[in-house]
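*Asks:* Provided below for reference: sequence and predicted model.
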Amino acid sequence: MKAAPSAFGLAAAGLLRMPAVLSEGVAAFLFSSLPSVALALTTTSYLSVCLSSTKKLVAASRQVSAEAPAKDPQTALKSRRQGGGDRAAIVVLQFLVGGLVVFGGSSFAYFAVNPFGTALGLVHLSIGLVGLVAGFLILRGDIPRLRGLLVAINLMTIGYSASSEYIAQTESLLPGFASIGSLVGTIVAIAMSFALLALLFSRSRRPIRE
């Protein structure tokens, strides 16, 4: 009859196995965290570019708005043309919002854990594409005439992004790393849409110069 191993033997065997267990755990952690790290780096880089561009454009727009009225007609005409800072800010913000929603929607659809999450992501992606189309329209057209379209698209972006993100978080439609990236991207997209709406409404009584 084989003797039962002693407590000392079990402890020694456990200590001998500890380096292998730790190495396996570290390897599994690193392997599972690679998608999260890649997504975090991509999202951080994109958001830093978006926020930097938006900050510069808003600062330029405020500087133009704060300038005193020119006395001679030529300088006044130049000042009016510089009012295009508002137009530039609106165009860039619309492209940033549309691009971020497209990126978020495609990631949502790819990482979703079930078909319902994939469907939500595809709708999200479609709204982002509509936002990019609106960006091209205002790039080539008259912003005052397209103000209603811009307001409608950004209200849709805010409403759907908030509701789909709420469903994703409460129903666990995304894995951990994708869920965090989705939440951050949604917050930034909603913030930029609100900033764009604020620009549109604050300039509604004053024509936006082409």
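*Replies:* Right, received. Where do you want to start? Residues are numbered from 1 along each chain as shown.
*Asks:* what is the least confident helix or strand in this protein?
*Replies:* The weakest-scoring helix or strand in the chain, judged by mean pLDDT, DSSP states H and E, is helix 73-82 (a mean of 49).
*Asks:* now the very next helix or strand once past that one: average pLDDT?
*Replies:* Following helix 73-82 in sequence order, the next helix or strand is helix 84-111 (DSSP states H and E). Taken as a whole, helix 84-111 carries a mean pLDDT of 88.
*Asks:* buried set for helix 84-111?
*Replies:* Across helix 84-111, burial judged by 16 or more other CB atoms under 10 Å covers 84-87, 89-105, 107-109, 111. The way it works is simple: take the backbone N, C-alpha and C, and place the C-beta from them, glycine included.
*Asks:* mind giving me the packing neighbours of it?
*Replies:* On a contact count with 3 or more CB pairs under 8 Å, 6 or more residues apart in numbering; DSSP states H and E, helix 84-111 meets helix 7-66, helix 115-140, helix 143-171, helix 176-202.
*Asks:* that one vs helix 176-202, what angle?
*Replies:* Interaxial angle, helix 84-111 versus helix 176-202 (axes from the mean of the first three to the mean of the last three CA atoms, to 10 degrees): 150 degrees.
*Asks:* between helix 84-111 and helix 143-171, how many degrees?
*Replies:* Using the same axes, to 10 degrees, helix 84-111 lies at 30 degrees relative to helix 143-171.
*Asks:* let me see the contact set for residue 140.
*Replies:* Residues near residue 140 by CB atoms under 8 Å, 6 or more residues apart in numbering: none.
*Asks:* pLDDT below threshold where in the chain?
*Replies:* For the chain, the stretches flagged by pLDDT under 70 are 1-85, 203-210.
*Asks:* can you do 50?
*Replies:* When residues are selected by pLDDT under 50, those of the chain lie in 29-33, 68-72, 75-76, 78-79, 82-83, 207-210.
*Asks:* quick check: residue 149 touching residue 134?
*Replies:* Yes. Counting by CB atoms under 8 Å, residue 149 sits close enough to residue 134 to count as a contact (6.1 Å).
*Asks:* more neighbours: these two, which one.
*Replies:* Per other CB atoms under 10 Å, whichever of residue 149 and residue 134 has more neighbours is residue 134, with 22 against 16.
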